[in-house]
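>>> Return atomic coordinates for the entry below.
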Amino acid sequence: MKLTFKSSLNYLDVVHSFVNELSVLLKFDPQQKIRLSIAVSEAVTNAIIHGNKENQDGTIIVNVDIKPHQLQIDVTDEGKNDFRYDPKRHGVIDENNVGMETGRGIFIMRSYLDQLKFRRIKNSGTCVSLIKYLDKEGSVCGHQN
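Numbers count the residues shown, from 1 in each chain. A predicted model of the protein is given here:
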């Protein structure tokens, strides 16, 4: 499944609906539905704001790959920035950023998922892979926050 849209926060409701339908298909419980929706929303928001620099001429692609034991959602932007994931800097909550409105998206994604990968796509943006493990029946397993 694939969702492609212009780089605008106005499309977050569409993303929520898309992820909700996916969660129903995979029979996620209500808590896991919410966590997946938040994680994907954070990835999309980061792609729009940090990747495409809020350029509405840019595009965001959300691609879903359901494998026997894993759900992978790739969020790709067209940003020209050279983002490098640094575990010492990104995804950490400390006293300096607790009250800030931004700066916790990667932490949230890492908390709600089993795996998070970043890769630069040569001359065309950044792809964030959100990975959630599934059991034999396709239900959520593993990271049970």
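
>>> Sketch out the low-pLDDT regions of the chain for me.
Under the criterion pLDDT under 70, the flagged ranges of the chain are 81-103, 136-145.

>>> What segments of it are helices?
12-25, 30-46, 105-112 (DSSP state H).

>>> Specify the angle between the last one and helix 30-46 in degrees.
Spelled out, it's helix 105-112. Using axes from the mean of the first three to the mean of the last three CA atoms, to 10 degrees, the direction of helix 105-112 lies 150 degrees away from that of helix 30-46.

>>> packing partners for helix 105-112?
Judged by 3 or more CB pairs under 8 Å, 6 or more residues apart in numbering; DSSP states H and E, helix 105-112 is in contact with helix 30-46, strand 115-121. Every C-beta, even on glycine, is put in place using the N, C-alpha and C of the backbone.

>>> again, only using 10 Å
helix 30-46, strand 115-121, strand 125-133 (3 or more CB pairs under 10 Å, 6 or more residues apart in numbering; DSSP states H and E).

>>> Glu54: which of the ones you listed is closest?
Taking CB to CB as the criterion, helix 30-46 is the member of the helices and strands packed on helix 105-112 that comes nearest to Glu54, at 10.5 Å.

>>> then that closest one to CSV, C-alphas only?
These are the backbone C-alpha positions of helix 30-46, laid out as CSV (Å, rounded to 0.1, in the frame of the first residue of the first chain):
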residue,chain,number,x,y,z
PRO,A,30,-6.7,0.2,20.5
GLN,A,31,-3.4,1.0,22.3
GLN,A,32,-1.3,-0.3,19.5
LYS,A,33,-3.4,1.6,16.9
ILE,A,34,-2.8,4.9,18.8
ARG,A,35,0.9,4.2,19.1
LEU,A,36,1.3,3.3,15.5
SER,A,37,-0.7,6.4,14.4
ILE,A,38,1.5,8.7,16.6
ALA,A,39,4.7,7.2,15.4
VAL,A,40,3.8,7.5,11.7
SER,A,41,2.4,11.0,12.3
GLU,A,42,5.8,12.0,13.9
ALA,A,43,7.7,10.6,10.9
VAL,A,44,5.4,12.4,8.4
THR,A,45,5.6,15.7,10.4
ASN,A,46,9.4,15.4,10.5
